[in-house]
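From the sequence below, what's the structure:
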Amino acid sequence: MKRDEVPQDGLPYYGEQRKAVYALDRNGHYEAVASSGWQVEATVTGDAIAEFERLAQAALQRARRGECSPLEYHMYARRMDLPTLAQSTGFWRCGVRRALQPQVFARLRARRLQAYADALGLGVDELKKLP
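Numbering: from 1, shown residues only. Predicted coordinates:
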């Protein structure tokens, strides 16, 4: 995108703030350009939030049926996916994936539960329960 094509919707997406985006100048070099908002970005962000809410509700139903652990519900409710949670905890993805199984989650040690709780901004007791 060229410098003069950077969206300036003039809508209060960022309030009085501006967001830096990168665009090409006349010489073909990238430079930071201030943007006051972008309807497309707001729409995509809204869609992503709706998808996480849908995933959280589906996980909640599965967890109530005993098909997945409460960790899966809390992960989606906090707008994280498996790679993000793995990165936040420092655990391997395969270990996080296993912890989404109810029988594995029930056997997790306190230290690992605490790491998940910290990454999700919850207490350990909250992590073990469903809403």
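
switch to C-alpha atoms for all contacts and neighbour counts from now on
Will do.

Tell me the pLDDT of the residue of the chain most remote from its centre.
Relative to the centre of the chain, and counting by Cα atoms, centre = their mean, the farthest-placed residue is Asn27 at 36.9 Å. With respect to pLDDT, Asn27 scores 87.

cool, Phe105 as well?
pLDDT, read off for Phe105, is 98.

Now it: closest residue in space that isn't a chain neighbour?
Leaving aside its sequence neighbours, Phe105 sits nearest to Ala99 (Cα to Cα, 6 or more residues apart in numbering; 4.8 Å).

residue contacts, Glu72?
Neighbouring residues of Glu72 by Cα atoms under 8 Å, 6 or more residues apart in numbering: Ala56, Ala59, Ala63, Leu100.

about what we covered before: please determine how far the residue nearest to Phe105 is located from Asp81.
Plainly put, Ala99 is 13 Å away from Asp81 if you go by Cα to Cα, to the nearest Å.

For those two, indicate the residue with more neighbours.
Ala99 (23 against 14; other Cα atoms under 10 Å).

So the residue farthest from the centre of the chain: helix, strand or coil?
coil (DSSP: H, G, I helix; E, B strand; the rest coil).

Do you have the helices of the protein handy? List them.
For the chain, helices defined by DSSP state H occupy the ranges 39-64, 70-77, 82-89, 93-99, 102-105, 110-120, 124-128.
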